[in-house]
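# Pasting the sequence and the predicted coordinates here, then a few questions.
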Amino acid sequence: MKLNERNKKIYKAQDEVKVSLTLKNVRQLEIKIYELNLLKEYLTNNSDTGRNYDDINLSYFSPSSVELFTNRSENPFEWKEVEILLKTIPNRIGIFVVDIQGEGITSRAVIRKGAIVCLENYSHNGQSFEFFDEDGNKLNEK
């Protein structure tokens, strides 16, 4: 089992997430999806941009969802490319770790959905901040 290199790593918040794999001799996959706590990440490291989430230890976390995929290949001994739609990844900003396990082999993909950009302005009244999504739309105060 191999993750294909052409898999996207960054999606818009509203995009569906698909993962492409090449399988051989794998009948069933268990796909665990973990949503990372971005607030905690920002408070701990003051940023999330430089973090390599590929090496994060997930053994103490509970997945936010678990999906099963059955490979219906007629010949399990030949390489077959499959694309899996991950329906349980929500349409909102976040970082998700997708842990794929099958026949004793594990692969991991890190998916980043959406982005927030901060525009900082200085004036004689002080500082002001405006926040925008990945499309440049201003985010409302909540």
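Received it, and whenever you're ready, just let me know what you need.
# count of neighbours near residue 113?
21 (other C-beta atoms under 10 Å). In this view, the C-beta of every residue, glycine as well, is placed from N, C-alpha and C.
# and the spatially most central residue of the chain, helix, strand or coil?
Geometric centre of the chain, nearest residue: residue 111, 2.1 Å, by C-alpha atoms, centre = their mean. Secondary structure, DSSP: H, G, I helix; E, B strand; the rest coil: residue 111 is strand.
# any idea of the mean pLDDT in the helix or strand encompassing residue 44?
Using DSSP states H and E, residue 44 sits within helix 38-45. Here helix 38-45 scores 69 as its mean pLDDT.
# From residue 108, how far off is the residue lying closest to residue 134 once chain neighbours are set aside?
In space, and not counting its chain neighbours, residue 134 is closest to residue 115: 4.3 Å by C-beta to C-beta, 6 or more residues apart in numbering. Relative to residue 108, residue 115 is positioned 22 Å away (C-beta to C-beta, to the nearest Å).
# more crowded one of those two?
Between residue 115 and residue 108, counted using other C-beta under 10 Å, the more crowded position is residue 108 (17 against 13).
# give the contact list for the more buried one.
Counting by C-beta atoms under 8 Å, 6 or more residues apart in numbering, residue 108 touches 3, 54, 97, 98, 99, 100.
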